[in-house]
Each structure stands twice: as C-alpha cells, then as structure tokens.
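what's the 3D shape of this:
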Amino acid sequence: MLDAVVVGAGPNGLTAAVELARRGFSVAVFEAKDTVGGGARTAELTLPGFRHDPCSAAHPLGVNSPAFNGMPLARYGLEWLHAGLPMAHPFLDGSAAVLSRSVGETAASFGPRDAGAYRRLIEPFLPKWDTLVRDFMSLPLSALPRDPVTLARFGLAGLPPSTWLMRRFKDEKAKALFSGLVAHVIAPLGGLATGAVGLVFALAAHAAGWPVARGGSQAVSDALTAYLKDLGGTVHTDYEVKRLDDLPPARAYVFDTSPTALARIAGFGSFYESYRYGASVFKVDYALDGPVPWTAEEARAAGTVQVGASKAEISTALDAAARHGHAPDRPFLITVQPSLVDPTRAPEGKHVFWAYGHVPNGWTGDLTDAVERQLERFAPGFRDLILARATAGPPELAAHNANYVGGDIACGAASGLQLLLRPKLTLQPYRTPHPAVFICSSATPPGPGVHGMSGHNAAKAVWRRLRQDSDGQ
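From the prediction side, this is the model:
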C-alpha cells in the first residue's frame, strides 16, 4: 500500500508529492492529461518554433515561493530569467509607471506627490519579506507566526479594500499601477483584503523580481517531476480519475483539483456547494515579427506590462466581468513578453507575446478585437507585427485544465472571505469530510499562482495524519 496518492500533476500536486517523498513516504501522482503541468505548461500554440505558455507565464510568486526555494529545482533545469524591469504600466501620453527591483525607482516613476507615500507603504515590510512571505503564504497558520508583529502590521495595511489603501496616493500613475496589481487575482478593487494582494505583488517584485522560466513555464513542472522521481515517487499521465476506486490503495489521497471535482470523485455530495467560482479571462497568444512597439520606452524593457489607461478604466473592466456579467469594451490587459529575455521561445528576430483580459465566467464570445484595439492605443502598429495568434476563452481554458471551472483560472472567486478562507470557512482548509482525503489545489490558501504553497501546506496536514496513524499502531 502506498503512503499517499496525489491526483493532479499541477504545481501544487507535484509540490505536495515532493514534500511527502522528501520525508520518506511512498507517493504516486496521477494526471488526466498526457503531460504534467496544470497551469504551468508550454506548447507551440501558433507556429513551429514559437513556444507559448497556455496559462501562467510570469512568476513573481514562484521565485519568492518558500516551497520552491526549499528545493534544489535549479539542479533539475529550472532557471529564472529577469527582464530589465519586472513590470511597467504605460499611459496614453507615452509615459509609464514601473515596478522595479528598486523601491526608489518605482516611487520616482509615480511622481513627486506619491513617491514618499509609496516608500512609506513598502519600506517597513521589505527588510522582513522572507519571514513575512512564509507567514502570509502559510495562512491560516497551524503554528505561531515567525514574526507576529510584522504580520499584524501587514494585516492592518492589507485587510481593508485596495480602494482604501490607494487613498494615500494623489495621482493617477500610482493608483493605476496598484489597481492593476490587484486585478491579477480577478477581484473587484473594493473587495476585502485586496490591499494585501497589491502589496504582495509589489513586495515580491522588489524582493526577487517577476521572472519567466527559461524554456517556458513547463520548466517549473518538469523540474518538480524530475525531483520527485529522484526521491522515488512515480508519475502516471493519461490517467483520468472518476471515483476513488480508480486509484490504488493508499493511506492518504491528495487532490489537486477543484472542490467540485473532488466532491464528485470522493462522493462528498453538497459539501462544497457554497464554493463560488469567479470571472474568467480571454487569452491571446501571439507569434510576432518583432518586439511590441510600445510608445512608452519603459514597457519595451519590462517582462510584464499592465495595460489600462487609468484606475477608473481598470475598475470598470473588472466590474463588467466580475459583477455585471458582460465583457468590457476596453479590457484591462495583463501581458507578458517572455522572448525579451529567453531566446529559446521564438525563432531569431521573432517574439512570443502573451495577453489576457477579463470576461464573465463561462463567456462564449470573442474578445480578440477588443484586446487588439486596446493594445494599439499603447503600441501603435501592433497588429502589423502579428504572424499568428491562438485564442482561448472560458470554454477552451476549462477544456485545457479541469480546475478552471467556467474558465476561472484562479479555481475559485478571490473575493470576500473566500479570498482568505477557501474552500470552506475553516482553519483546516486542506482537510475534507473523509479523514484520509485532502485537497491541495489553488482553491486552498494561499490561493492562485504558480508557487506550490497550497501543495506545501496540504502536505503538512497529510504527514501529520500519516504520523499519527503510525504512532497509533
């Protein structure tokens, strides 16, 4: 009998498997697709030689992940590549705000009226980031925090809505950039704890950047898989699990799936019935004949570029998708330029470009024209560079990854209490009605992103259970 079976070979499932195998437990992973990866995959979606990331592309939480940083993943091929700037946010007048590794450079890009306010917001937390990120990404805590004072201070700043936090800024550049940071979790700006979302992304950039993985996001999953195999774990692909009986006998079962899928497979009935799925995205992957012709010079050097003319425009786009059930006329776009720093992603002189805007859950329309009209406002001539494009709306995203219910790439709405306490209002989010069944997907804390911390935290709950069983025998 195996000690643990993991269902789903995304970053969280693989991380959970590695953490258990490192502690001497026998582990097998079962994945429905023909390759590992979940939200961290890479494929030629457009033309031969152009390697795109179907979901996550930039990894501020991955490079800062306590789980990943505690593993020898570089030994297994994972290399983080950094653009000249982690992120830029251009404006229609050709200027830009930037999120730089330097707090001073970032603050200066906001202008003299907001530079001091930004410094005062960020500088108390940055020297203590290593302990803060461990505490924050381990919530709800099963042990005392490493730095309770800093965590409490962070909570005071971050628990209110981001709209409250942004009152300290006077001008548009700081407000727009920070609004864009919050939008990465597809949450309306006025939601509970959205201030913390923006702070985490800003601090992550200052601490370690917003890199891409050399060769594409698949490198993250491949490194985890190779490490797991070296530890004695096994991975089985093309293995769809429809019920628990499809799996081999084990002392524990760990699911990197949506709560809905887990309830169906494990027979939990309506246990997760109150879990809410959020807005989706419409994603376009481009093969380009050259770099994106951004008007703002800073955007040409940035790995990630946020595209939204103002805080109001970003808020309107988010509200349209998340609250009002229609696609925005001017979508807020999150874009990534991997081939600026990774020549393996496209033929010489060519580029790959990744962009998405927010749409309602399950939306079946085509946002391509709106995406490209928005890009043309900030990068005139963009359309002339397009060699090919691959589009994916909510139905395609859900078909690509079953955890994206209705196309929700966060595997659950990151709003209200569900941003903090997911998938249930409990301090033991990784446990389920069955004592031997656990959940480790991004439907559990700390939520969406390629960081493995949901798997890391769930593995702790699993090995406590396994050790209790062993001690009781």
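
from here on, contacts and neighbour counts on C-alpha atoms
OK.

now residue 82. Nearest residue, chain neighbours left out?
residue 211 (4.7 Å; CA to CA, 6 or more residues apart in numbering).

got a pLDDT number for the one you found?
Per-residue confidence (pLDDT) for residue 211: 98.

residue contacts, it?
58-60, 63, 80-83, 86, 303 (CA atoms under 8 Å, 6 or more residues apart in numbering).

contacts for stretch 260-279?
Taking CA under 8 Å, 6+ apart as the rule, stretch 260-279 contacts 186, 241-244, 255, 259, 321-322, 358-361, 405-408, 410-414, 422-424, 433, 439.

of the residues you listed, just the buried ones, PyMOL syntax please.
With 16 or more other CA atoms under 10 Å as the criterion, this PyMOL line picks the buried residues out of these:
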select buried, resi 186+241+255+259+321+322+358+359+360+361+405+406+407+408+410+411+412+413+414+422+423+424+439
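
list the ones among the contacts of stretch 260-279 that fall in strands.
255, 358-359, 439 (DSSP state E).

among those residues, which one sits closest to residue 101?
Taking CA to CA as the measure, residue 101 lies nearest residue 358 of the ones in strands among the contacts of stretch 260-279, at 27.4 Å.

can you name the residues bridging to that closest one?
Counting by DSSP bridges, residue 358 is bridged to residue 281.

residue contacts, it?
186, 279-282, 317-318, 321, 327-328, 331-333.

what about it, distance to residue 372?
Remark: distance between residue 358 and residue 372 (CA to CA, to the nearest Å) = 14 Å.

one more: residue 427?
For residue 427, the distance to residue 372 - CA to CA - is 44 Å.

can you check residue 20 too?
45 Å.

show me where the stretch 101-250 of the chain has strands.
212-213, 234-236, 250-255 (DSSP state E, counting those that start in this stretch).

just checking: what are the partner strands of the first one?
Sheet neighbours of strand 212-213, with direction, are listed as strand 80-81 (antiparallel) (DSSP bridges).

please work out which residues outside the strand it pairs with touch it.
Here strand 80-81 has contacts from 63, 211-214, 341-342, using CA under 8 Å, 6+ apart.

isn't residue 344 up against residue 215?
Yes: using CA atoms under 8 Å, residue 344 is in contact with residue 215, at 5.9 Å.

what sits against residue 134?
residue 66.

rerun that using 10 Å as the cut-off
Listed by CA atoms under 10 Å, 6 or more residues apart in numbering, the contact partners of residue 134 are 64-67, 145-147, 453.

out of the residues you listed, which are inside helices?
Judged by DSSP state H, those include 66-67, 453 as members of helices.

and stretch 195-215, how far out from the chain's middle?
10 Å (CA atoms, centre = their mean, to the nearest Å).

neighbours of residue 377, just the number please.
Neighbour count of residue 377, defined by other CA atoms under 10 Å: 17.

element containing it?
Per DSSP states H and E: residue 377 is located in helix 368-378.

swap in residue 330?
Going by DSSP H and E, residue 330 is not in any helix or strand.

hang on, it packs against residue 357?
Yes: counting by CA atoms under 10 Å, residue 357 is a contact partner of residue 330 at 9.0 Å.

next, the contact list for residue 115, please.
By CA under 10 Å, 6+ apart, the contact list for residue 115 reads 103-109, 169, 174.

same check, this time on residue 138
66, 132, 145, 445-446, 453-454, 456-458.

now with 6 Å?
For residue 138, the contact set (CA atoms under 6 Å, 6 or more residues apart in numbering) is empty.

so for it, what's the pLDDT?
Reported pLDDT for residue 138: 86.

and if you look at residue 142?
In this model, residue 142 is scored at 67, pLDDT.

where's residue 280 relative to residue 197, distance?
Distance check for residue 280 against residue 197: by CA to CA, it reads 18 Å.

these two: which has the busier surroundings?
Neighbour count, other CA under 10 Å: between residue 280 and residue 197, residue 280 has more, with 31 against 24.

pretty sure that one sits against residue 407.
Yes: with contacts counted by CA atoms under 6 Å, residue 280 reaches residue 407, the gap being 4.9 Å.

sketch out the low-pLDDT regions of the stretch 301-450 of the chain for me.
Along the stretch 301-450 of the chain, no part satisfies pLDDT under 70.

distance of the closest residue to residue 126 other than its chain neighbours from residue 242?
Sequence neighbours aside, residue 203 is the residue nearest to residue 126 in space, at 6.5 Å (criterion: CA to CA, 6+ apart). Using CA to CA, we find residue 203 at a distance of 41 Å from residue 242.

with residue 268 instead?
Separation of residue 268 from residue 242 (CA to CA) stands at 13 Å.

now residue 431
In terms of CA to CA, residue 431 sits 20 Å off from residue 242.

on the pLDDT front, check residue 135 for me.
90.

for burial, what's the neighbour tally of it?
Around residue 135 there are 21 other residues, counting by other CA under 10 Å.

got it, and the one 4 residues further on?
Neighbour count of residue 139, defined by other CA under 10 Å: 19.

how about residue 288?
For residue 288, using other CA under 10 Å, the count is 22.

on that earlier part again, more crowded one of residue 330 and residue 357?
Of the pair residue 330 and residue 357, residue 357 is the one with more neighbours under other CA under 10 Å, namely 27 against 21.

wait, what's in contact with that one?
281-282, 331-333.

let's see 7 Å
Counting by CA atoms under 7 Å, 6 or more residues apart in numbering, residue 357 touches 281-283, 331-334.

tell me the one of these nearest residue 165?
Closest to residue 165, out of all of those and judged by CA to CA, is residue 332, at 20.4 Å.
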